[in-house]
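1. Provided below are the primary sequence and the corresponding predicted coordinates.
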Amino acid sequence: MQASIHPLTCYLSLNPPTHKGNGSLTVNKAFRRTRKIHRPISSSMGIPEKGRHVNSDGIERFYLGLDFGTSGARYALIDKQGQIHAEAKREYPLYLNGESVDWGRSWKETLFSLLEDVPIYLRPLVASISIDGTSATTMIVNSSTGEPLCRPLLYNESCPDALPAVKSIAPPNHTVCTGSSTLCKLVSWWNSDSENKDSAALLHQADWLLWLLHGKLGISDYNNALKVGFDPETDAYPPWLLAQPYSSVLPSIVAPGSAIANVKEDVRQNLGFSEDCVVCAGTTDSIAAFLAARATEPGKAVTSLGSTLAIKLLSKSRVDDARFGVYSHRLDDKWLVGGASNTGGAVLRQLFTDVQLQKLSEQINPSLPSSLDYYPLPAIGERFPVADPNMNPRLHPRPDSDSDYLHGILESIARIEAKGYGLLKELGATEADEVFTAGGGAKNDKWTKIRERVLGLPVSSAAQTEAAYGAALLALKGARQ
Ligand SMILES: Nc1ncnc2c1ncn2[C@@H]1O[C@H](COP(=O)(O)OP(=O)(O)O)[C@@H](O)[C@H]1O
Ligand SMILES: O=C(CO)[C@H](O)[C@H](O)COP(=O)(O)O
């Protein structure tokens with residue numbers, strides 16, 4: 001792998017944004033004031049830069065990132081300094097298709113609703129778009145129409161039926177050797193399908209959403225493709241995977257943020273994007289959150305405290321071990337080592353509303369350890385730091401006090417996080433020396449203090465906690481290509 005400066009590094013020290021979304025559409029007030037006297041961004045910064053930073057009238061361009069997380073989706077619209085000019089989020093509408101949720105319909109509707117939330121006067125100035133999605137969320141689609149051939153298999157679903165076949169072809173403890181891997185989901189479908197093999201294509205959630213905008217089917221990125229078996233070190237699918245009959249459905253792979261194609265004409269016309277608006281390859285949600293945090297040195301880590309707990313540690317050395325759910329994503333000449341636990345906000349949401357979380361957290365003394373020892377899971381099954389699809393949640397005994405109960409849960413999740421970072425060190429990754437937090441849990445200061453005590457490390461909320469911001473940085477990178 002060639003050593004080079006990560007294309008995003010030059011943006012990672014951008015000025016923190018002036019504005020944060022509050023669940024509805026927000027537009028940077030400062031931007032409103034200058035809206036009437038649109039000055040080319042270069043008026044205060046010298047000559048307009050080449051590329052997609054000003055349009056033909058010399059007016060500033062913007063970069064759009066969308067994050068499709070577990071419980072909802074968000075967008076962030078930034079300028080080339082990283083200032084946020086608009087952002088919004090939406091919960092997923094839920095439609096049933098027989099017994100199961102029609103996720104394809106929900107995600108597609110959410111995508112175009114969010115694009116319509118972008119202020120109409122800013123859309124012609126959007127130079128590029130990128131999207132992150134949940135990792136290993138697998139879609140098998142018709143290779144001509146892009147229509148799903150079966151229901152999407154979500155990031156935390158497991159197909160243990162395929163595990164023996166996958167373990168028989170992959171190297172020992174390879175990232176794909178876990179039931180929740182994309183490859184296990186593909187093999188499970190391949191073994192169960194009798195009529196669509198010749199017309200199938202595999203895509204990840206982010207790939208499929210991006211295809212809706214650019215229209216070129218069969219393209220993914222090397223972060224999303226890690227769990228189907230793509231090797232980011234050799235930049236290729238390994239021979240043991242290409243030798244399989246189902247290798248024909250695998251997508252071609254580009255780097256995250258790579259320009260793929262301009263927005264399709266029908267989408268462009270309907271939404272008012274410019275002819276040169278380019279759609280760029282995406283990444284996974286926890287990597288987008290890492291990019292948003294702008295952590296650039298080995299030893300820096302980002303814990304995404306969303307519905308799940310995903311940790312990402314910037315490491316000089318690569319570590320992969322499916323026995324513990326540990327794998328390494330590529331980030332230029334370094335590795336993002338980590339894993340994703342099923343613990344996290346989804347359990348909290350089963351027990352408390354966000355308002356209750358806030359009020360109960362105020363009653364917690366974070367300097368006092370909780371004696372309650374739980375393993376908070378929303379359902380049976382864990383991916384990391386224990387890869388056990390049959391692990392049971394442990395959330396009892398429940399004390400009379402809800403704040404004590406929450407304290408025990410937050411502390412127990414912190415212990416899982418600490419176990420995860422300790423495991424990465426044991427397996428040879430660069431030792432973590434600072435943790436930034438992204439996701440919904442980042443706003444809980446008491447939890448941050450509990451985590452600092454349990455981890456024994458400085459823990460802070462990233463300047464940007466939304467993965468959508470990281471996706472916007474990818475769009476900014478793509479606009480420069
Ligand atoms: N004050 C809080 N303390 C801890 N967790 C919180 C708080 N507010 C919200 N959350 C959790 O944040 C999660 C949502 O975070 P988010 O990053 O949007 O998740 P995702 O992107 O995975 O859907 C919810 O599961 C919720 O329980
Ligand atoms: O748990 C998740 C849902 O939010 C993450 O998408 C995912 O598991 C993290 O995977 P990766 O490390 O490949 O980004």
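-> Sure, I can see it. Ligands and ions are numbered 1, 2, ... in the order given.

2. OK, contacts around whatever residue of the stretch 101-250 of the chain ends up closest to ligand 2?
-> Of all residues in the stretch 101-250 of the chain, S135 sits closest to ligand 2, at 3.1 Å by CB to the nearest ligand atom. Backbone N, C-alpha and C define where each C-beta goes, glycine included. When the contact criterion is CB atoms under 8 Å, 6 or more residues apart in numbering, the partners of S135 are 155, 204, 223-224, 226-227, 284-286, 340.

3. Drop the exposed ones from the residues you listed and show what's left.
-> 155, 204, 223-224, 226-227, 284-286, 340 (16 or more other CB atoms under 10 Å).

4. got CSV for the residues you listed, with secondary structure too?
-> Below are the buried ones among the contacts of S135 laid out as CSV (DSSP: H, G, I helix; E, B strand; the rest coil):
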residue, secondary structure
Y155, coil
H204, strand
N223, coil
N224, helix
L226, helix
K227, helix
T284, strand
D285, helix
S286, helix
A340, strand
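
5. Please list which of those residues are also close to ligand 2.
-> 155, 284-286, 340 (CB under 6 Å from any ligand atom).

6. in the sheet, who's paired with S220?
-> Taking DSSP bridges as the rule, S220 bridges to I253.

7. Report the separation between it and V278.
-> According to CB to CB, to the nearest Å, S220 stands 17 Å off from V278.

8. now swap in L111 and tell me
-> 17 Å.

9. ok, now D404?
-> Taking CB to CB, one finds D404 at 52 Å from V278.

10. got the residues of this protein near ligand 2?
-> Contact residues, the chain versus ligand 2 (CB under 6 Å from any ligand atom): 69-70, 134-135, 155, 284-287, 306, 308, 310, 338, 340.

11. any chance of the residues you listed in TSV, plus pLDDT and distance to I59?
-> As requested, the residues of the chain next to ligand 2 are exported to TSV (pLDDT from 0 to 100; distance: CB to CB, whole Å):
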residue	pLDDT	distance to I59
G69	94	32
T70	91	37
T134	97	35
S135	96	37
Y155	95	39
T284	97	33
D285	95	32
S286	93	35
I287	95	31
G306	93	35
T308	95	40
A310	95	38
G338	97	40
A340	95	41
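
12. filter these down to the ones close to ligand 1.
-> Restricting these to those near ligand 1 - CB under 6 Å from any ligand atom - leaves 69-70, 306.

13. K216: which of these is nearest?
-> G69 (24.9 Å; CB to CB).

14. hang on, that closest one packs against A467?
-> Yes. At 6.7 Å, G69 counts as touching A467 under the criterion of CB atoms under 8 Å.

15. can you list residues touching both of the two?
-> Common neighbours of G69 and A467 (CB under 8 Å, 6+ apart) are D285.

16. who has more neighbours, the two?
-> Neighbours were counted for G69 and for A467 using other CB atoms under 10 Å; A467 has more, 33 against 27.

17. That one and T178, how far apart?
-> Distance, A467 to T178, using CB to CB: 23 Å.

18. Distance to Q356 and secondary structure for the ones next to ligand 1 among the residues of the chain next to ligand 2 - can I get that in CSV?
-> Shown next, in CSV, are these (distance: CB to CB, whole Å; DSSP: H, G, I helix; E, B strand; the rest coil):
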residue, distance to Q356, secondary structure
G69, 21, coil
T70, 20, coil
G306, 18, coil
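
19. quick one on the thing from earlier: and the contacts of S135, which two are furthest apart?
-> H204 and A340 (14.5 Å).

20. Check the offset of the host helix or strand of L212 from the chain's centre.
-> In the assignment (DSSP states H and E), L212 maps to helix 205-214. Per CA atoms, centre = their mean, to the nearest Å, the displacement of helix 205-214 from the mean C-alpha position of its chain is 14 Å.

21. And for stretch 258-270?
-> With CA atoms, centre = their mean, you get 22 Å for stretch 258-270.

22. What are the contacting residues of it?
-> 128-129, 210, 212-216, 219, 221, 254, 271, 273-281, 478-479, 481.

23. filter those residues by proximity to ligand 1?
-> Okay, of the contacts of stretch 258-270, nothing touches ligand 1 (CB under 6 Å from any ligand atom).

24. Between D404 and V278, point out the one with more neighbours.
-> A count of neighbours by other CB under 10 Å puts V278 above the other of D404 and V278, at 24 against 17.

25. could you show me where the helices are in the chain, in order?
-> 29-35, 103-117, 163-169, 182-192, 205-214, 239-242, 265-271, 285-293, 345-351, 354-362, 402-426, 445-455, 467-479 (DSSP state H).

26. contacting residues around the fifth one?
-> The set of residues that contact helix 205-214 without belonging to it, under CB under 8 Å, 6+ apart, is 66, 68, 104, 107-108, 111, 129-134, 137, 139, 141, 146, 152, 203, 217, 219-221, 224, 251, 260-264, 267, 279, 281-284.

27. Filter these down to the buried ones, ChimeraX style.
-> Restricted to buried positions by 16+ other CB under 10 Å, the ChimeraX selection for the contacts of helix 205-214 reads:
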select :66,68,104,107,111,129,130,131,132,133,134,137,139,141,146,152,203,217,219,220,221,224,251,260,262,263,264,267,279,281,282,283,284
